[in-house]
Each structure stands twice: as structure tokens, then as C-alpha cells.
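Trainee: need the 3D shape of this:
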Amino acid sequence: MKLTSGALFEHTNCLLNRRNRYQFLATFLVNISTFAHGIGIGWMSPVMRQLQTPESPLSFGVFVEELSWIGSLLGIGSVIGNLLAGFLQDRIGRKPVMFALTVPYVCFWLLSYFAQSVQYLYLARLLAGITGGGGYIVFPIFISEISDANMCTIVIGAVQIVGTYTTTLICDQFGRKILLLISTLGAGICLAAFGCFTYFAKLYDLSALGWLPLVLLSLDVFLCNIGLVGVFFVVLVEVMPAKIRSVAVSTFVVILSCTVFVSLKIFPLCMQYWGISITLWSSSLVAFVSFVYFLLFLDETKGKSLLDS
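Mentor: Residues are numbered from 1 along each chain as shown. A predicted model of the protein is given here:
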């Protein structure tokens, strides 16, 4: 018996049947906002040093202390977004919260584009944090609720690029824990190696290895995406019992946002007072501690039903 392509796609076991296609489309649309948010806040890292030079794209000067606030206000905004989204999502629903997140995001872009002083950037980054913090609360829960339990992880990472796409291919095959272990250990090694390069570059001529920092940084980004970015929020949703999932996820994301605030606040200061080498080694130490923690205490959630209590 022959099956037409249409009949094949409508088969209940087909990944691309109508129900699953709607789930993929909804997840894709939700994650567009995550992608746009990343573009919006990602300009800070590459231009941080340039903002303190005459080549700055801004019409006003920015000092190190101000840079630390520009970076860290994202974390404060994230806490605000976490709390607001966590409070509202069970009262007015997930979709209204996601629609509401467009307001601070649009204001963030307008303030960034028309910035006339550093205070514009302060407010812009705060609003960007509110958008991101709210999204981190409501997006994973929304996606988990519209997706089948056995395909939730595949869908969540479907529109992430390169590293996270790799996660979608191997997450259900090898499990979540191994990806987090590879991610944290690999990131720690890359950051430690990068720190060594910057240290010895001050003592010796390493121009022949000028390609190495880019390779290490690219590898670090890739390894972070296959675990810490692509899997972390999936695991966070899966380890929480269904009856407390919304509150528990909101609580832990608030803690995460506070950590982001501290990290972004002290990073420019660490760069100025410690130098890049010690800052990178300190970051690698955090990654190694995370590796040990995941190794000893994280339970594998592969195959766990999202309906488990």
C-alpha cells in the first residue's frame, strides 16, 4: 500500500504532522524574540573598550565605572522581569505576558538608538533586562506546555544556531547531564588556555599564534551553547515537580539574574584592576566548579515526563 506525502505527514507518529508543525511554528516564533534580544544586548562586549576611545560610536564619553553599570543594569532588569513574569503568568496567562514584553524591548531599542547621554543607556539596558528576565521565565514554561514531553528539548533549541542546534541532535540520545559536563569542562579549559595566551603574549612574541584567541573564543562559545545555553533551561524545567514548576523556575531564574548582575558589574573592574589573564582564569575556575557540581549532584532528566509530580 502506497502512502502519499500528505498522508505520511498526517500520520500520528510523524514528527512533521499537523499538530507538531504548529508546535514547531509557535516555538520558532517565541525564540525569534530570544534571538533578537541576543542581538540587542550583544553589542556591549565587542565595543566595551572602544567606548573609552576617540573612535567611540557615541557622542559622549563613557568611563569604566559607567561601563560597569551599563553592563550590570541588565541583571537588575532581569530580576524585575523575573518577578513580574513569575507573578503575572499564572494570573493573566503566558501569552499576554509575552505580548507585554514587547513594550520594554521597543523602548530599549529607541533609547539605544537616540542615546544622548549615558543615562539613556542605563535605562535602555534596564529595559532590555526586563525583557530578557521575563522571557527566561515564561518562554521555557510556555514551550514545555505546548510540546509533547518526549520532544520538548528538541523543540526548545530548534532555532538556536550551531552549538545549540547540535544539542537538538544529541540531547535525547546522550542525555542532558553529559552535555552540561562537556560544556562546563570545555569552557573552563578554553578560558584557562585563553588566559595563558594573554599572559605569555606580554612576555614573548606570539604573533605566529595570532589565530589562537579566535579559535579558543569560538570553541568556548560553541561548548557553552551545547550545554549551558542549550540545555540548562530544559533541565531547570524538567527537574521541577509540575505542581511547583512555575514558582520554582521563577525563583531560580531570579537567582540567576542576580548572579548576572554581579558578574556584569564586576567584569570591567576586574579587567581594569586584575588584567585580562587573571579575569579569564577566574572565569575558568567558575566553570570548573560548575563541572564538579553537575558531576556530583545533577540527576539525569532524559526521558522524564513533564507531568511527573
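Trainee: could you use CA atoms for every contact and neighbour count after this?
Mentor: Fine.
Trainee: and the residue nearest the centre of the protein?
Mentor: Against the mean C-alpha coordinate of the chain, by Cα atoms, centre = their mean, the closest residue is Val229 at 5.1 Å.
Trainee: how about the helices in the protein?
Mentor: 5-9, 18-41, 44-47, 64-92, 94-100, 102-113, 118-146, 152-156, 163-174, 176-201, 212-224, 232-239, 245-273, 276-297 (DSSP state H).
Trainee: next, format those as CSV and append mean pLDDT.
Mentor: Shown next, in CSV, are the helices of the chain (pLDDT from 0 to 100):
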stretch, mean pLDDT
helix 5-9, 50
helix 18-41, 68
helix 44-47, 67
helix 64-92, 84
helix 94-100, 85
helix 102-113, 88
helix 118-146, 82
helix 152-156, 49
helix 163-174, 60
helix 176-201, 92
helix 212-224, 82
helix 232-239, 80
helix 245-273, 82
helix 276-297, 93
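Trainee: would TSV of these with mean neighbour count be doable?
Mentor: Supplementary listing: the helices of the chain in TSV, determined by neighbours: other Cα atoms under 10 Å:
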stretch	mean neighbour count
helix 5-9	11
helix 18-41	16
helix 44-47	11
helix 64-92	22
helix 94-100	15
helix 102-113	17
helix 118-146	24
helix 152-156	23
helix 163-174	18
helix 176-201	21
helix 212-224	17
helix 232-239	20
helix 245-273	18
helix 276-297	17
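Trainee: okay, these in JSON lines with distance to Thr53 next?
Mentor: Formatted as JSON lines, the helices of the chain follow (distance: least, Cα to Cα, whole Å):
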{"stretch": "helix 5-9", "distance to Thr53": "57"}
{"stretch": "helix 18-41", "distance to Thr53": "21"}
{"stretch": "helix 44-47", "distance to Thr53": "10"}
{"stretch": "helix 64-92", "distance to Thr53": "11"}
{"stretch": "helix 94-100", "distance to Thr53": "37"}
{"stretch": "helix 102-113", "distance to Thr53": "19"}
{"stretch": "helix 118-146", "distance to Thr53": "15"}
{"stretch": "helix 152-156", "distance to Thr53": "40"}
{"stretch": "helix 163-174", "distance to Thr53": "34"}
{"stretch": "helix 176-201", "distance to Thr53": "22"}
{"stretch": "helix 212-224", "distance to Thr53": "23"}
{"stretch": "helix 232-239", "distance to Thr53": "37"}
{"stretch": "helix 245-273", "distance to Thr53": "15"}
{"stretch": "helix 276-297", "distance to Thr53": "18"}
